[in-house]
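Chemist: just to be clear, the model below is a prediction. Sequence and coordinates:
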Amino acid sequence: MARAASTGAKIGWSALAWAIGLLIFFPILWTILTSFKTEAEAIASPPSLFAFDWTLENYGVVQERSNYVRFLWNSVIIAGGSTLLGIVIAVPAAWAMAFQPTKRTKDILLWMLSTKMLPAVGVLYPIYLICIQLGVLDSKAALVFILMLINLPIIVWMLYTYFREIPGEILEAARMDGASLRSEILYVLTPMAVPGIASTILLNFILAWNEAFWTLNLTAVNAAPLTAFIASYSSPEGLFFAKLSAASTMAIAPILILGWFSQKQLVRGLTFGAVK
Amino acid sequence: MGRITLNNITKSFGDVQVIPPLDLTIEDGEFTVFVGPSGCGKSTLLRLIAGLEDMTSGHMEIDGRDVTDVPPAKRGLAMVFQSYALYPHMSVRKNIAFPMRMAGVDQAEQDAKIEKAAAALNLIDYLDRRPGQLSGGQRQRVAIGRAIVREPAAFLFDEPLSNLDAALRVGMRLEISELHERLETTMIYVTHDQVEAMTMADKIVVLRAGVIEQVGSPLELYREPRNLFVAGFIGSPRMNLIEGPEAAKHGATHIGIRPEHIAVSPDAGEWAGKVGVAEHLGSDTFFHVHVNDFAEPLTVRAPGEVSFRSGDTIHMTPDIARMHRFGRDGLRIA
């Protein structure tokens, strides 16, 4: 449906979109700017947006004080591991729900999603105790497993929506061609769903990367990812905004860069099913 | 080999029985066409044979082997879908190779068979393309190629030509018929187009609401339709069915006379009527004639160019020897 819009309306809508975009991006921009200020300038009132003496001092201090690379590595392992494990489990699950639906499929999907509505802190105590009992507190493996479980409903939902767009006849053709269930999923469904799987991986990697509640509560030293790295700068000796900002910028930089280069995939992932 | 026997099979979706108990035997090497209006259960029946749907009851054999509970992958049948159902992420070569890859055929043999199938189907130049880069007719040939290399006990076709334009359809129809003559493999072909059924089949199975109305060769169905439904369905244009006093004269509830079995004359004949629409095809002329006592206009076919026009009064005489009579129950009166 093509609708003619007047130039004035176009400019108005664009301005509004930019304004909302800037509003959402502003805290991140502010954090990045603050990371280049001295501590004194960081708390100056009124604050200056760009007119200050740019300095890399905070990054130096942060580098000296903590081992950034180890936190980064933990984040990569935890976010990457939980996402990949989730995909391996979710592909067959989504296949079953998309191509062999039963009367209860819709209920199961909603029930899975309902676990996302549970306040995480409600199950912190039992999960914490289980981790102690199993001796896996502060271990990467435990976090990989827990974050996988937490994001699994979203992974299954996304893949389910994507698989539903794949014509069932192609899978039937594979069955007629003598493919076993395993071959059908591995050689036909998965390659056809690559774009969907890629955006699912991407989105869940970001979710797991940003996940702070479980990573902060279940790690101490060994398994601590970048979220813990940031938290360690909201320090008891008083607030050092500039250093906290430098640490935050270092923590979000990898995922920002990843997100920037995969915008298209990400948008497709978030809107599939909505547009053909 | 490919002799398929269906014994007392039924299919229900929930509470709805779409196939009431049905028996059918398809002989080895036979070209069988399932034909009927949409929703008659012909595709469901094909999918039951393929194993893509489970039968609710009954059993099925292929060459004496009970395959009722055998999954589609192990029935040794190949299927060509209406949507072609090619693997969009694979080249034509890989599409055709897929069933052989699944069966663990070695590479050299795969290549040889792909070459042979591609040559037979005019696909040699397209082997490295993706399905998205092919025309409808080429995609259909790839789907057939993928079926051929399996060397199946039987080929199943589910309305394979309905996505093609009219000219291509005639061409592909011939190609499939030639393929059948060459391979002499059992083929089961589903269509709603009675012209396809008449031109291709050794045996036609006419279905309505999951029930077999008649099984026979195309000419048997044409000459001796078992009931009103088959009479009206087989033949193009369709048979004229007349009820009332005119039918009673011949001792029937309905009489049926095909358009090609009515002779036209400008001045004398059994029935007189006014020409409504005249369709001049060159080879034939079709008239739709309004006769006073008949509920529906008669369709009449005259060979060649006949120069009656709309509004003219013409006289028609049916060929009594080729008239069909049907009783109150709709069945043919011998």
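Modeler: Arrived safely, thanks for sending.
Chemist: can you tell me how far residue B:79 sits from residue B:61?
Modeler: As judged by Cβ to Cβ, to the nearest Å, residue B:79 and residue B:61 stand 19 Å apart. Where C-beta positions appear, they are placed from N, C-alpha and C, glycine not excepted.
Chemist: SS state for the residue of the stretch 151-300 of chain B found nearest chain A?
Modeler: Going by Cβ to the nearest Cβ, chain A is nearest to residue B:156 of the stretch 151-300 of chain B, at 8.0 Å. Secondary structure state of residue B:156, per DSSP: H, G, I helix; E, B strand; the rest coil, is strand.
Chemist: that one is in contact with residue B:82, isn't it?
Modeler: No. Counting by Cβ atoms under 8 Å, no contact exists between residue B:156 and residue B:82, whose distance comes to 11.6 Å.
Chemist: neighbour count: the two, which is higher?
Modeler: The residue with more neighbours, out of residue B:156 and residue B:82, is residue B:156; 25 against 17, by other Cβ atoms under 10 Å in any protein chain shown.
Chemist: so what's residue B:60 bridging to?
Modeler: residue B:6 (DSSP bridges).
Chemist: you'd agree it is up against residue B:9?
Modeler: Yes. Using Cβ under 8 Å, residue B:60 is in contact with residue B:9, at 6.4 Å.
Chemist: pull up the overlap in contacts between those two.
Modeler: Common neighbours of residue B:60 and residue B:9, counting by Cβ atoms under 8 Å, 6 or more residues apart in numbering or on different chains, are residue B:48.
Chemist: what mean pLDDT does the helix or strand containing residue A:84 have?
Modeler: Following DSSP states H and E, one finds residue A:84 within helix A:68-99. Mean per-residue pLDDT for helix A:68-99: 92.
Chemist: tell me how far the next helix-or-strand element following that helix is from the chain's mean position?
Modeler: Sequence-wise, the next helix or strand downstream of helix A:68-99 (DSSP H and E) is helix A:105-114. Its chain's C-alpha centre and that of helix A:105-114 lie 22 Å apart, by Cα atoms, centre = their mean, to the nearest Å.
Chemist: show me what the following helix or strand past helix A:105-114 is packed against.
Modeler: Counting by DSSP H and E, the next helix or strand C-terminal to helix A:105-114 is helix A:124-134. Under the contact definition 3 or more Cβ pairs under 8 Å, 6 or more residues apart in numbering or on different chains; DSSP states H and E, helix A:124-134 sits against helix A:140-163, helix A:213-218.
Chemist: contact partners of helix A:124-134?
Modeler: By Cβ under 8 Å, 6+ apart, helix A:124-134 touches A:137, A:142, A:146, A:213, A:217-218.
Chemist: what is the nearest of those residues to residue A:224?
Modeler: residue A:218 (9.7 Å; Cβ to Cβ).
Chemist: do you know how far that closest one is from residue A:82?
Modeler: From residue A:218 over to residue A:82 the distance is 13 Å, taken as Cβ to Cβ.
Chemist: list the residues that contact both of those two?
Modeler: Common contact partners of residue A:218 and residue A:82 (Cβ under 8 Å, 6+ apart): A:143, A:146.
Chemist: neighbour count winner among the two?
Modeler: Higher neighbour count among residue A:218 and residue A:82: residue A:82, with 28 against 21, using other Cβ under 10 Å.
Chemist: so how far is stretch A:60-76 from its chain's centroid?
Modeler: 20 Å.
Chemist: flag every buried residue along it.
Modeler: In terms of neighbour count (16 or more other Cβ atoms under 10 Å in any protein chain shown), stretch A:60-76 has its buried residues at A:61-62, A:66, A:68, A:71-72, A:74-75.
Chemist: considering only those residues, which also neighbour chain B?
Modeler: With Cβ under 8 Å from any Cβ of the partner chain as the criterion, the buried residues of stretch A:60-76 include none near chain B.
Chemist: so, low pLDDT: which residues of the stretch 1-150 of chain A?
Modeler: A:1-4 (pLDDT under 70).
Chemist: if you set the cut-off to 50 instead, what comes out?
Modeler: Flagging of the stretch 1-150 of chain A using pLDDT under 50 yields the residue ranges A:1.
Chemist: can you check the stretch 201-334 of chain B too?
Modeler: By pLDDT under 50, the stretch 201-334 of chain B has no low-scoring segment.
Chemist: contacts only, for the nearest residue to residue B:105 once chain neighbours are set aside.
Modeler: In this structure, residue B:105 finds its nearest non-sequential neighbour in residue B:113, 7.7 Å apart by Cβ to Cβ, 6 or more residues apart in numbering or on different chains. Under the criterion of Cβ under 8 Å, 6+ apart, the contact list for residue B:113 reads B:100, B:105, B:149.
Chemist: filter the residues you listed down to the ones in helices?
Modeler: In this view, the contacts of residue B:113 that belong to helices under DSSP state H are residue B:100.
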